[in-house]
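A.B. asks: After the sequence you'll find the predicted model.
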Amino acid sequence: MVGVSVKLELDPDRLLPADPQSRVIARDLYDAVAEMPIISPHGHVDPRLLLDDPAFADPAELFISSDHYVTRLLHAAGVDLADLGAGTSAAGDPRLIWRRFAENWHLFAGTASGYWLTHELVTLFGIDVEPGADTADAIYDTISAHLARADYRPRALFDRFGIEVLATTDDPMDDLAAHAALASDPTFRGRVLPTFRPDAYLDPEAPGFADRVTRLTEAGGTAADDFAGYLAALEARRAHFIAHGAVSADHGVREAYTADLDDADAAALFRQAVRGELDARGAREFRGAMLLRSAEMSVRDGLVMTIHPGVHRNHSTPTFERFGPDTGHDIPVTTSYTENLRPLLNRFGMERNLHLVLFTVDETSFSREIAPLAGFYPSVFIGAPWWFLDAPDAVVRFRSAVTETAGFYRGAGFIDDTRAFLSIPARHDMARRLDAGFLAHLVRTGRISQAAAVRIAVDLVDAIPRKAFKL
Amino acid sequence: MVGVSVKLELDPDRLLPADPQSRVIARDLYDAVAEMPIISPHGHVDPRLLLDDPAFADPAELFISSDHYVTRLLHAAGVDLADLGAGTSAAGDPRLIWRRFAENWHLFAGTASGYWLTHELVTLFGIDVEPGADTADAIYDTISAHLARADYRPRALFDRFGIEVLATTDDPMDDLAAHAALASDPTFRGRVLPTFRPDAYLDPEAPGFADRVTRLTEAGGTAADDFAGYLAALEARRAHFIAHGAVSADHGVREAYTADLDDADAAALFRQAVRGELDARGAREFRGAMLLRSAEMSVRDGLVMTIHPGVHRNHSTPTFERFGPDTGHDIPVTTSYTENLRPLLNRFGMERNLHLVLFTVDETSFSREIAPLAGFYPSVFIGAPWWFLDAPDAVVRFRSAVTETAGFYRGAGFIDDTRAFLSIPARHDMARRLDAGFLAHLVRTGRISQAAAVRIAVDLVDAIPRKAFKL
Amino acid sequence: MVGVSVKLELDPDRLLPADPQSRVIARDLYDAVAEMPIISPHGHVDPRLLLDDPAFADPAELFISSDHYVTRLLHAAGVDLADLGAGTSAAGDPRLIWRRFAENWHLFAGTASGYWLTHELVTLFGIDVEPGADTADAIYDTISAHLARADYRPRALFDRFGIEVLATTDDPMDDLAAHAALASDPTFRGRVLPTFRPDAYLDPEAPGFADRVTRLTEAGGTAADDFAGYLAALEARRAHFIAHGAVSADHGVREAYTADLDDADAAALFRQAVRGELDARGAREFRGAMLLRSAEMSVRDGLVMTIHPGVHRNHSTPTFERFGPDTGHDIPVTTSYTENLRPLLNRFGMERNLHLVLFTVDETSFSREIAPLAGFYPSVFIGAPWWFLDAPDAVVRFRSAVTETAGFYRGAGFIDDTRAFLSIPARHDMARRLDAGFLAHLVRTGRISQAAAVRIAVDLVDAIPRKAFKL
């Protein structure tokens, strides 16, 4: 790998503040947390990856086809998703896919994905030149050679990454056999926890809702349109998840709307929903009622409740029809919490057993709604910057927006929220560097002491996520 | 006070820019304004504090129970408001309250309250260790000893703080006897001005609206449902306030909505309102009409009109029922001005006698609406960052958001908006440091001259608030 | 020009980062692009200025009366627009207008206009003292003397400014004779391109809509209420524009709402619109349908489509009635794209021939909607910060908000969007400095390499606008 190619390297001071005085402070703070274990309480890694421990297929599948953060930018540049093996498309020649990516490496400059990919290429595979048309094949071969090695299997990397806890995201009807097998495997010491993700069972407008409810309620032997049976079945599945180590239930709702309906009203909507007779307004009410009742269940069973609303899923209908969901066109919309969550918080906002972690992709809500809510309600925790906002500048804006109102201890730690297993260390390392820089800035401008900064830096990667996620 | 405790100290360069070059410039700018008198045209200090000049009760009442900025964060951490003496709860043992606060000092790191409290503890009471379980009692005793001294009475502190003007916030039916007594007291030289706060008399949905209107109109001898009498009574109360030194009327409305209704339509809504027969839509129209008519009164009598919309008051019903209002759960919502204020501005926007100061807790409106409005209408002034936004980073975001569109001279100076009398110097000092830093950044990046920066820094604490608030 | 006046000067490092390390990097990046030709694909310069090449009238007309960025701030300070020769008001004594401006120079400190004016006064006219009461006349005379010189005529300045492409904004019925004459003039080498701006022909609520449609359809010989004829006439005018060099159609819509109506439904709305019988809801649907059909036309004829919604035009009715449009009171409102553009993007979002450049004056949409849309749809490009946001701090916020999601290559370059011909170099120079600073910050914090930064800096002023605007 020689020639005119540009060097690829990692600045040891990357993401630390620009001015030298703050940088010196930040470096010390970062050093204090750089090697601490990773707690990943929300993400999308498949548990079977760690159960079966297969070798990763190839660089294209690993870095491109499976990562819609990456494929979407190539798509925007004119590459057909089918030529990237994205979504449900047939996997193409991985080397060709890799070349398409390498030729377009410049598109990723300044992006979060570009930052993470660089971290992975350098630290895991020793790549020292930028991807490009002339370097694509050599880089591909280098990565492939590594992937064939035993120490690049998922379990080996899990250890190398220092992951202590990894939460997956799972369908309520999942038997969680993979989690059970992992937990009982004496050769694997990590904690891999399932997460209860019931959206498709709570939204009458989700495709297949009635069928899903039928399967859910069959287990309990109640009729599909029996609301009490439906609630009991949901609680039974939550109990199953808890028995397999789950600590949280994840709600990827359209909006944070909640409604406090009595049993009769909710049951009436439910019956219409199961019969497919519910109109849009009724569907909204039912979703709102079920979000509130999910909180009620959490008060009883203790599952932490994460809510991440405000995304128009599958924005491009033609793309959804060709390639399925999670193919890069989930687009944020304006999101509000203050009014929407009020029914829920008036019922359960003071419950000690309720932990409600609020995420957003509309950063206007950080200072306006989320921090003020978390600064009063003991049940409300500020979720880390999510999705499009899980990037260096956005993380700094997030800290700046929430800290002055709610401090550091109403947060919930960092989440990587990723399917890209190999990017987990890059993402957590990014968060640690940025928090070190943010704290260093507070020290440099006389707002907190160095001693407080060290304590907070450590708590941000340990005590704070443990408390919020009950770990 | 020795041992393992962390030192508490104030960096003389606190809040100044991080890079050394800008910091040097900022230090000079700050020095030029650091000792200038404080003009506080909007706040919530009780005038009887200065009239009666009592010793402050105890550290807990002074710093905790009376400050819902502080109690809310302790509440979020799980402390019951009743255990903090908050709101209408019975005052508990102040030393126990203080200990609860001291043990949770880490929650305030990075918050605006933490910054102000540190300033007060160090500069007023000579505290040099952080509050904590081990230092709580010693700090409590030190503060208590100070509070017993004559030079820690409110009037002595008023002089020490260099307060030239202090505006209070008052009910329209207040006789303003305290203000009159202060004004005629030859031993007190400060200006303590009342502020006309008519919200509860203008909102048909405010509890007790009809009773309040009855009391208001009785003075003028008109029927409670006589709209002309109601308007005349409001104007008479405004005149009473003006006679006692008031320069402004403060409108804490739900939204900035205004409606230009003719007398017949407004009177019809008013009659329904007094009879309790107005629906939500009608109540909104009436509030909108009265906000516009309040501006009309200001055109006539010259009272500056401050508007601070966009807060869902008393978000937690259980808390409101137990502890009353102002107990830490007023939560912001999305706020807009462009369409809402148009009827008002089309009628009175060019009136020289109208000063309309716009505040927001939705910072998205700074660059989008408030600065563009103030950059055209001579009547519109940009209010300082308010409430959750009256904090270091938020103030910098505010300056950055409004200055490029509207410059510095469409602002209205800083307001502390506080009940916490002892925090007034800390808050104004904070604003002066941040403005010095913002101006220094403009100088450092070649956007304004050093000479212009000095003049603006001085004007920001003197000429600009005097003009906006007609002082 | 001596005395107590403050020096007016340009810092050679202006707008570069504050910290020395980043500044050194930024200086190199800026030097690489400082002298590159100007591509101005969207603006409001009158083509006859370059065709007739007259001397500029006087300093007041040049810098004040014709620039509503400037007159609005003087108006906000209490100056009547009639005393500034603004809008349709009679031109007054230019020297008096100039004095009013000079006396209020301090109002512009920290504003975008102040920055540009300083740039123009220093670089073009050698002014070295700040405008003020004492310097107004001398500065006026200096500028006047320059304006009389042949090398200060528009064409000479066009060459001096290094403008390669300048797009104007034109009525669809414009015969484009000025453009034709310029194109065929062998003594003028610049490219001056018309831009198709059809708003007033697509909005049934625009004053004179029916008359305008009548004139439009007459050319094609169809009835005014014949929808197919109307569409054909629009396409014919677009073809006329393309024949005269147009590369884009500009849509200054109220909102980005689009609707996918079939021919029969759209034609029915159209007939009602022409007859003045369409209600507000119908008008909205028709505008939405025509925005989508404009995209359809672009798919066929290739005109780039720029959309800049979200401005309440002519907010002050009394001002509009006295002075006409574009007099400083167009005020932004909340703007959204995700839902509004979905019908259009579902039809044409993947079309390679469609380039859709999205502008906003609601900066909340940068990270929430515009960058995510441009990060997936090949047809969507991120427009430069526009209007109130075309200022130093806002540009940095823009880059920070969009880059991490969409990178640099989904942008569309800088647009000056100006009527103020003399400000064009100042504006483009500003953008180049800020981009250099932004890139330098990424280099300093280890996010991109120096080599990548140089390439991107060059592409931002050359390849990127050329691609987005098909130049």
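C.D. replies: Thanks, I have the structure now. Not measured: the values here are computed from a predicted model.

A.B. asks: Check the stretch 151-300 of chain A for the residue nearest chain C and tell me.
C.D. replies: Per C-beta to the nearest C-beta, residue A:254 is where the stretch 151-300 of chain A lies closest to chain C, at 11.6 Å. Yep, even glycine has a C-beta here, placed from its N, CA and C like the rest.

A.B. asks: now the residue nearest to that residue when sequence neighbours are not counted: how far from residue A:334?
C.D. replies: Nearest non-adjacent residue to residue A:254, counting by C-beta to C-beta, 6 or more residues apart in numbering or on different chains: residue A:309, 6.3 Å away. Using C-beta to C-beta, to the nearest Å, we find residue A:309 at a distance of 11 Å from residue A:334.

A.B. asks: So the two - more neighbours on which side?
C.D. replies: residue A:309 (25 against 19; other C-beta atoms under 10 Å in any protein chain shown).

A.B. asks: which stretches of the stretch 101-250 of chain A form strands?
C.D. replies: A:163-167, A:191-193, A:248-251 (DSSP state E, counting those that start in this stretch).

A.B. asks: who wins for proximity to chain B among these?
C.D. replies: Closest among the strands of the stretch 101-250 of chain A, once you apply C-beta to the nearest C-beta, is strand A:248-251, at 19.8 Å.

A.B. asks: send the alpha carbons of whichever helix or strand comes after that closest one over as PDB?
C.D. replies: Where DSSP states H and E defines the elements, the next helix or strand beyond strand A:248-251 is helix A:263-274. Only the C-alpha atoms of helix A:263-274 are listed here, as PDB (Å, rounded to 0.1, in the frame of the first residue of the first chain):
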ATOM      1  CA  ASP A 263     -60.300   0.100  30.900                       C
ATOM      2  CA  ALA A 264     -63.600   0.300  29.100                       C
ATOM      3  CA  ASP A 265     -62.500   3.000  26.700                       C
ATOM      4  CA  ALA A 266     -59.200   1.300  26.000                       C
ATOM      5  CA  ALA A 267     -60.900  -2.100  25.500                       C
ATOM      6  CA  ALA A 268     -63.300  -0.600  23.000                       C
ATOM      7  CA  LEU A 269     -60.500   0.800  21.000                       C
ATOM      8  CA  PHE A 270     -58.600  -2.500  21.200                       C
ATOM      9  CA  ARG A 271     -61.500  -4.500  19.900                       C
ATOM     10  CA  GLN A 272     -61.800  -2.100  16.900                       C
ATOM     11  CA  ALA A 273     -58.100  -2.300  16.400                       C
ATOM     12  CA  VAL A 274     -58.000  -6.100  16.300                       C
END
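
A.B. asks: avg pLDDT for helix A:263-274?
C.D. replies: Here helix A:263-274 scores 98 as its mean pLDDT.

A.B. asks: Quick check, residue A:197 in contact with residue A:246.
C.D. replies: No - using C-beta atoms under 8 Å, residue A:197 makes no contact with residue A:246, being 10.2 Å away.

A.B. asks: Among those two, which residue is more densely surrounded?
C.D. replies: Higher neighbour count among residue A:197 and residue A:246: residue A:246, with 24 against 21, using other C-beta under 10 Å.

A.B. asks: what about the closest residue to the more buried one other than its chain neighbours, distance to residue B:180?
C.D. replies: Once flanking residues are discounted, residue A:246 sits nearest to residue A:194: 4.8 Å by C-beta to C-beta, 6+ apart. For residue A:194, the distance to residue B:180 equals 70 Å [C-beta to C-beta].

A.B. asks: between those two, which one's more packed in?
C.D. replies: residue A:194 (26 against 16).

A.B. asks: surely the more buried one meets residue A:244?
C.D. replies: Yes - counting by C-beta under 8 Å, residue A:194 does reach residue A:244; the two are 5.4 Å apart.

A.B. asks: Show me whatever sits in contact with both of these two.
C.D. replies: Residues touching both residue A:194 and residue A:244 comprise A:176, A:179, with contact defined as C-beta atoms under 8 Å, 6 or more residues apart in numbering or on different chains.

A.B. asks: For residue A:208, the count of nearby residues, please.
C.D. replies: 11.

A.B. asks: quick one: it and chain B, what's the gap?
C.D. replies: Using C-beta to the nearest C-beta, to the nearest Å, we find residue A:208 at a distance of 34 Å from chain B.

A.B. asks: if I pick the closest residue to chain B within chain A, what's in contact with it?
C.D. replies: Using C-beta to the nearest C-beta, the point where chain A gets nearest to chain B is residue A:446, with a distance of 2.9 Å. By C-beta under 8 Å, 6+ apart, the residues touching residue A:446 are B:10-11, B:13-15.

A.B. asks: Quick check: it is in a helix.
C.D. replies: No - counting by DSSP: H, G, I helix; E, B strand; the rest coil, residue A:446 falls outside a helix, being coil.

A.B. asks: Phi first, then psi, for it.
C.D. replies: Dihedral pair for residue A:446: phi 70, psi 30, per degrees, to the nearest 10.

A.B. asks: Please state the offset of stretch A:333-343 from the chain centre?
C.D. replies: Going by C-alpha atoms, centre = their mean, to the nearest Å, the spacing between the C-alpha centre of stretch A:333-343 and its chain's C-alpha centre is 21 Å.

A.B. asks: Briefly note if it comes near chain B.
C.D. replies: Yes - using C-beta under 8 Å from any C-beta of the partner chain, stretch A:333-343 comes into contact with chain B via A:334, A:336, A:338-339, A:342.

A.B. asks: Which single one of these is nearest to residue A:93?
C.D. replies: Nearest to residue A:93 among the residues of stretch A:333-343 next to chain B is residue A:334, at 42.2 Å by C-beta to C-beta.

A.B. asks: so how far is residue A:217 from the spatially most central residue of chain A?
C.D. replies: Taking C-alpha atoms, centre = their mean, the centroid of chain A lies closest to residue A:417, which sits 1.8 Å from it. Going from residue A:417 to residue A:217 by C-beta to C-beta gives 31 Å.

A.B. asks: Could you pull out the strands in the stretch 351-471 of chain A for me?
C.D. replies: Using DSSP E, counting those that start in this stretch, strands in the stretch 351-471 of chain A cover A:356-358, A:380-382.

A.B. asks: Whatever residue of the stretch 301-450 of chain A ends up closest to chain C: how many residues sit nearby?
C.D. replies: Using C-beta to the nearest C-beta, the single residue of the stretch 301-450 of chain A nearest to chain C is residue A:391, 3.6 Å away. Using other C-beta under 10 Å, residue A:391 has 26 other residues around it.

A.B. asks: Surely it and residue A:111 touch.
C.D. replies: Yes - using C-beta under 8 Å, residue A:391 is in contact with residue A:111, at 7.3 Å.

A.B. asks: tell me the pLDDT at residue A:4?
C.D. replies: Per-residue confidence (pLDDT) for residue A:4: 59.

A.B. asks: how about the helices in the stretch 201-350 of chain A?
C.D. replies: A:209-220, A:227-243, A:263-274, A:280-301, A:317-323, A:342-348 (DSSP state H, counting those that start in this stretch).

A.B. asks: ok, back up a step: can you pull the contacts of the residue nearest to the centre of chain A?
C.D. replies: A:42-44, A:386-387, A:390.

A.B. asks: which residues sit in contact with the closest residue to residue A:235 other than its chain neighbours?
C.D. replies: In space, and not counting its chain neighbours, residue A:235 is closest to residue A:297: 5.8 Å by C-beta to C-beta, 6+ apart. Applying C-beta under 8 Å, 6+ apart to residue A:297 gives the contacts A:234-235, A:238, A:249, A:303.
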